[in-house]
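Trainee: Quick check, what structure comes out for this input:
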Amino acid sequence: MSAPATGRRVRRARRPRGAWLGWLFALPAVVMYATFVLRPLLLTVQYSLYDWNGIGASTWVGLDNYRRLFTDSELFASILHAFELILFFSLIPVLLGLFVAATIRGIAQSRLATVARTVLFLPQVIPLVAAGIMWSWLLSTTGLANELLSAVGLDSVTRAWLGDFDTALAAVGIIGAWVLVGLCTLLLLAGMSKIDPALYEAARLDGAGPVREFFSITLPSLRQEIGVCVTVTVIAALASFDIVYIATQGGPGNSTMVPGLEIYYLAFSEREVGMASALAVALVFLVLAVVLPLQRLTRDAR
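Mentor: This next block holds a predicted model:
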């Protein structure tokens, strides 16, 4: 009886050594994560509780900076603008991506499918700064968009799309949709390639057409991929900065001001580091509040 007990004691004594080796190998990653993610995040939370210009002495203000987020109309409007951009950054790319991916899947064996995938993914390769400059030219008063409208007799519709209070935010959203539609298309195409072809063959034998196949087989099978697309694009909308800064810099007025750009201006132009930190912390919680339910839905669909 004593020998088996001794064997069990030996095995139990070895387990902590393996655990310590695992922690030892993970230590560099933990240190890097704590240094470059957790520490800046905690410092941002600390700064958000002070009134500080980044140089001089700071003054404790508690939660006053957070209260200002909901009482200052300009700051609150920037958050609302980010939610409006979700319609362009997320809804349009996902819907277009589904349509384009289904179309490419139907011609998967042709060279046109390869060309279409390459062309659609190009916006992901182009730097966002270059994309913003290019679209600024296209949507200017003398840009290609207005020239095409004038050519078909719609001169009354032409305007400076990025300089008009009524159209500036939508124009920025169209730029974001153009950038993200290729990514969504490729993700959805990857998901479609995993669907068993036998399901489509069985549906055709039952007399189902392409539309019925899409809604009965393709769409339900892509719940995880759609969840990934929605998550990525929603984060891009809420954390948008590059395209807005290059295309409009938040103007005209504050009609395209978004939280990321507002944080930049508060911290480096107006020297309100505390307020900028409070908005940054609020943006983190806002992203988590939107993304975590999406992740739960995706997890439940597995």
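Trainee: what's the pLDDT at the closest residue to residue 203 other than its chain neighbours?
Mentor: In this structure, residue 203 finds its nearest non-sequential neighbour in residue 213, 5.1 Å apart by CB to CB, 6 or more residues apart in numbering. Just so you know, the C-beta spots here come from the backbone N, C-alpha and C atoms, and that holds for glycine as well. Confidence at residue 213, expressed as pLDDT, is 87.
Trainee: Check residue 241 too.
Mentor: 93.
Trainee: residues contacting the residue nearest the centre of the chain?
Mentor: Closest residue to the average C-alpha location of the chain: residue 236 at 2.3 Å, with CA atoms, centre = their mean. Taking CB atoms under 8 Å, 6 or more residues apart in numbering as the contact definition, residue 236 lies against 89-90, 176, 180.
Trainee: Tell me the secondary structure at it.
Mentor: helix (DSSP: H, G, I helix; E, B strand; the rest coil).
Trainee: now the protein, which segments are flagged as low pLDDT?
Mentor: Where the chain drops to pLDDT under 70, the residues are 1-19, 108-109, 299-302.
Trainee: what's the domain layout of it?
Mentor: 2-47, 73-300 (automatic domain parsing).
Trainee: quick one, which of those domains is nearest to residue 55?
Mentor: domain 73-300 (7.8 Å; CB to CB).
Trainee: quick one, phi/psi of the nearest residue to residue 50 once chain neighbours are set aside?
Mentor: Closest residue in space to residue 50, ignoring its immediate chain neighbours: residue 58 at 4.1 Å, by CB to CB, 6+ apart. Taking degrees, to the nearest 10, you get phi -100, psi 150 for the backbone angles of residue 58.
Trainee: can I assume residue 58 is in contact with residue 277?
Mentor: No - between residue 58 and residue 277 there is no contact, the gap being 11.0 Å when judged by CB atoms under 8 Å.
Trainee: what's the following helix or strand after the one helix or strand residue 32 maps to?
Mentor: Residue 32 belongs to helix 2-33 when elements are defined using DSSP states H and E. Where DSSP H and E defines the elements, the next helix or strand beyond helix 2-33 is helix 39-47.
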